[in-house]
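1. Here is my input, please return the structure:
(one chain, ligands or ions: 3)
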Amino acid sequence: MARIIRLSTPDEGAFQTTIAVPVVFDGDVAVIAESVPDELGGHTLPRDFSKEWCVQHGLKPEPGSVVLLHSFDESNVALVSLGSSYNNLENYRLAGAAAVRSAGDGSVAFFLPTDGIEYPRDAAQALVEGAILSSYNFKKPESDATFDVVPLGLPLPTVATHNLVAEGAARGAIVADGINWAKYLIDTPAGHLSPKSLAKHVVKRLDEDLYVSVETWNEAKIKEEALGGLLGVGQGSAQPVRLVYATYDPDPEKALPHVALVGKGVTFDSGGLSIKSGEGMMAMKTDMTGAAVVMTALSIASRLKLPIRITAIAPMTENMTGGKATRPGDVLTIRNGMTIEVLNTDAEGRLILADGLSLAVEANPDAIIDVATLTGAQAVALGDEVGAIFASTDELANYFNEASSRSGEQLWRMPLVANYESHIESDIADMKNIGKTGRAGSISAALLLQRFTDGRPWVHLDIAGPGRADVARGYVTKGATAFSARTIVEFLSAVGEAANV
Ligand code: BES
Ligand code: MN
Ligand code: ZN
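-> Numbering: from 1, shown residues only. Ligands and ions are numbered 1, 2, ... in the order given. From the prediction side, this is the model:
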């Protein structure tokens with residue numbers, strides 16, 4: 001599915017591949033680190049490139065700008081901009097992606113100068129993440145190309161540095177392969193990915209992961225467990241509903257911090273009887289992104305051996321218009337006994353998440369995180385590159401703020417406006433599933449979800465906008481992004497680290 005990552009010493013890695021050499025800009029001058037050999041791929045490299053040279057060859061200070069020095073009988077050398085510092089993780093991701101792009105279908109040996117770098121392990125991880133994420137291709141999932149991170153130092157990198165770089169590269173591969181797996185599911189047409197087959201794909205992957213147990217609930221079980229939101233949304237579809245319930249617990253003897261993840265798994269959202277326009281449903285195979293995100297986050301956490309306990313829950317359904325479909329005005333009873341008047345069947349995500357959150361509460365976690373392509377209003381407010389975060393505590397908001405600055409996935413905190421609770425009052429049920437038309441639609445959706453969290457520390461990520469990219473940019477490929485999965489993994493590692501001290 002993705003590029004194979006192999007770590008090598010300069011001697012074995014440097015040939016028959018594109019050698020990527022980072023440059024860092026000092027004003028208008030591009031500077032190469034001392035530890036990079038002067039003679040590379042048949043080129044003699046100066047230590048710096050003047051402004052004139054850069055302008056002439058199109059090497060710009062923007063991170064990820066690249067110029068390829070061709071070589072006829074040896075390796076091509078790609079000069080890749082890291083911006084103005086060796087210590088910016090996002091710039092390493094952009095540089096990894098740029099190196100891969102300049103190598104075409106070929107392999108890359110990325111020379112990583114480690115002298116004076118603050119975090120060689122994180123730098124290597126970011127490079128590999130950028131490389132693998134950017135080489136995702138739905139039509140051509142397999143590739144033999146390799147991406148090697150070659151640590152450099154003067155005279156040589158220490159063994160310790162070597163090991164850090166190896167560890168970072170391995171982590172980057174785990175993370176990015178997990179994201180690409182999720183992107184592949186998300187990009188798969190809904191006609192080829194029913195709730196049932198989505199559950200199967202998830203089980204197939206998680207079955208290989210250590211300390212993970214996973215079960216799929218079928219319709220009978222879901223009825224028995226009284227998941228009235230999920231059943232209500234699913235009843236208009238010929239495809240039966242599913243729910244995947246997965247846990248990861250690397251050390252049951254210890255009281256590890258326990259995080260519950262809940263993801264929206266609508267494999268196709270037609271809107272139901274409150275039907276969407278043709279245009280409005282064109283990308284609605286993406287509506288199971290939350291489910292893919294939480295399941296890949298759990299899988300990545302297991303592969304990274306994070307010292308934390310996770311419960312991941314994903315209700316899966318289609319939202320269709322069949323003869324048994326829920327009608328506007330119907331009332332559904334959620335798992336926890338609360339009732340919701342469905343005035344718009346297109347506001348279906350909150351109905352299935354209400355069940356998912358109720359189940360999460362029963363698992364007694366320290367925090368609950370839910371992820372959903374929930375509201376068009378989120379995309380209107382923040383666009384395609386920024387997700388909305390709602391947090392019930394400042395502590396959780398701070399954790400996510402830090403995690404998002406490490407992942408490069410931008411989040412903006414939105415308020416849980418208490419007065420807007422009135423927007424979801426219902427005359428005949430505990431609440432209704434829509435707020436005021438054209439008014440704070442993401443907030444009323446979040447307020448509804450919060451009612452199912454039983455006052456626990458909770459974060460809601462609405463990723464309707466950044467869940468898809470309409471054009472490729474940097475290391476983000478066009479189509480599915482699995483946005484927020486890397487941030488959640490960063491959050492989970494931070495929680496594990498905090499508990500470990
Ligand atoms: N899945 C959609 C939200 C969505 C819209 C995601 C665009 C990605 C891109 C969700 O189920 C939905 O239809 N929400 C409605 C809610 C409304 C009826 C209250 C919306 O936002 O229009
Ligand atoms: Mn909808
Ligand atoms: Zn939806």
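
2. The residue nearest to A367 when sequence neighbours are not counted: neighbour count?
-> Of all residues not flanking A367 in the chain, P457 sits nearest, at 4.4 Å (CB to CB, 6 or more residues apart in numbering). Backbone N, C-alpha and C define where each C-beta goes, glycine included. Per other CB atoms under 10 Å, the neighbour tally for P457 reads 17.

3. Hmm, P457 is touching E395, no?
-> Yes - assessed by CB atoms under 8 Å, P457 is found in contact with E395 at 7.4 Å.

4. rewinding a little: ramachandran coordinates for the residue nearest to A367?
-> Main-chain dihedrals, P457, degrees, to the nearest 10: phi -60, psi 130.

5. ok now do it, which residues does it touch?
-> Residues near P457 by CB atoms under 8 Å, 6 or more residues apart in numbering: D366, A367, I368, S392, T393, E395, L396.

6. Quick check, pLDDT for it.
-> On pLDDT, P457 comes in at 98.

7. quick one on the thing from earlier: quick one: which two of the contacts of P457 are the most distant?
-> Largest separation among the contacts of P457 by CB to CB: I368 and E395, giving 13.8 Å.

8. Tell me which of the two has more neighbours.
-> I368 (27 against 11).

9. List the buried residues for stretch 423-430?
-> H423, I424, A429, D430 (16 or more other CB atoms under 10 Å).

10. gap between the two ends of that stretch?
-> Terminal residues of stretch 423-430 lie 12 Å apart, using CA to CA, to the nearest Å.

11. So is that stretch next to ligand 1?
-> No - between stretch 423-430 and ligand 1, judged by CB under 6 Å from any ligand atom, nothing touches; the nearest distance is 10.4 Å.

12. starting at the chain centroid, how far to that stretch?
-> Taking CA atoms, centre = their mean, to the nearest Å, one finds the center of stretch 423-430 at 34 Å from the center of the full chain.

13. List of residues touching it?
-> With contacts defined as CB under 8 Å, 6+ apart, stretch 423-430 is touched by 331, 338-341, 431-436, 439-440, 444, 447-448, 451.

14. same thing with stretch 113-128?
-> Contact with stretch 113-128 is made by 5, 22, 33-36, 86-87, 89-90, 92-93, 95-96, 99, 110, 112, 147, 149, 151-154, 157, 161, 164-169, 171-173, 175-176, as judged by CB under 8 Å, 6+ apart.

15. How far does that stretch stretch from one end to the other?
-> 15 Å.

16. in that stretch, what counts as buried?
-> Using 16+ other CB under 10 Å as the test for burial, stretch 113-128 gives P113, T114, I117, P120, R121, D122, A123, A124, Q125, A126, L127, V128.

17. cool, and stretch 35-53?
-> For stretch 35-53, the neighbour count (16+ other CB under 10 Å) marks S35, V36, L40, G41, H43, L45, F49 as buried.

18. got it, and stretch 284-295?
-> Applying 16+ other CB under 10 Å to stretch 284-295 flags M284, K285, T286, D287, M288, T289, G290, A291, A292, V293, V294, M295 as buried.

19. before we move on, the earlier item: just the ones of the buried residues of stretch 113-128 in helices?
-> If you go by DSSP state H, those have P120, R121, D122, A123, A124, Q125, A126, L127, V128 in helices.

20. What's the first helix or strand after the longest strand seen in the chain?
-> In the chain, taking DSSP state E as the definition, the longest strand is strand 309-319. Next helix or strand after strand 309-319 toward the C-terminus (DSSP states H and E): strand 330-333.
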